[in-house]
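1. Following is a predicted model, sequence given first.
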Amino acid sequence: MKLNLIVLTAFALFVHALSCVSASAQQPNAPSVEQRAEEEANRLQRVLDLDDWQAFYVDSTLKHDLAAIMTEYEKLQSSRVNNMSLYQSVQDKWMEQIDATYKKIFTEEQWAAYLKTGAAKTIKAREKRKAKSQGK
């Protein structure tokens, strides 16, 4: 359980680290978004005992949505945006989309197991940030 939390935290940090596009572009050995998506899909398949079709959808979702995060980060960087809360809001928006897709793909048992890996805390923190930004 602790290992799953550590891995989930590491993945969240990876997504945040994607905001440093220029730094990763300078490192030729850095894994690509596609490789990271495949690694995460494989991890979720092992942890949640996903069927092959579920793993395929998870992989496809991650490849698309992580690439979209990168695109939005690049737009913010090219506009010279330094406000980290804007980067966080982009990440939150896409991670919310990923979780919504996961909920459709996973069975109830798999979704519950996914939440227990630390996703519930991440979702709660994201909702808290959203409420704060909306002034509630």
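-> Good, I have the coordinates. Remember, predicted model here, so these are calculated numbers, not experimental data. Numbering: from 1, shown residues only.
2. CA atoms only for stretch 59-72, dumped as CSV, please.
-> Extracted in CSV, the C-alpha atoms of stretch 59-72 (Å, rounded to 0.1, in the frame of the first residue of the first chain):
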residue,chain,number,x,y,z
ASP,A,59,-2.6,3.8,-22.2
SER,A,60,-4.4,5.7,-24.9
THR,A,61,-5.9,8.1,-22.4
LEU,A,62,-2.6,8.9,-20.8
LYS,A,63,-0.8,9.4,-24.1
HIS,A,64,-3.5,11.8,-25.3
ASP,A,65,-4.0,13.7,-22.0
LEU,A,66,-0.3,13.9,-21.0
ALA,A,67,0.5,15.3,-24.5
ALA,A,68,-2.3,17.8,-24.0
ILE,A,69,-0.8,18.9,-20.7
MET,A,70,2.5,19.3,-22.4
THR,A,71,1.0,21.4,-25.2
GLU,A,72,-0.7,23.7,-22.7
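3. Now residue 30: phi and psi?
-> Residue 30 adopts backbone torsions of phi -70, psi 130, taken as degrees, to the nearest 10.
4. how far away is it from residue 73?
-> Using Cβ to Cβ, to the nearest Å, residue 30 is found at 15 Å from residue 73. In short, each C-beta sits where N, CA and C put it, glycine included.
5. For this structure, which residue occupies the most central location?
-> For the chain, residue 95 is the residue whose C-alpha lies nearest the centre (Cα atoms, centre = their mean; 5.0 Å).
6. where's that one relative to residue 53, distance?
-> Residue 95 sits 23 Å away from residue 53 when distances are taken as Cβ to Cβ.
7. what do you get for residue 61?
-> Separation of residue 61 from residue 53 (Cβ to Cβ) stands at 13 Å.
8. just residue 73 next, same as before
-> 30 Å.
9. out of these two, which sits in the busier spot?
-> Between residue 73 and residue 53, residue 73 has the larger neighbour count (other Cβ atoms under 10 Å), namely 21 against 9.
10. Appreciated, that's everything.
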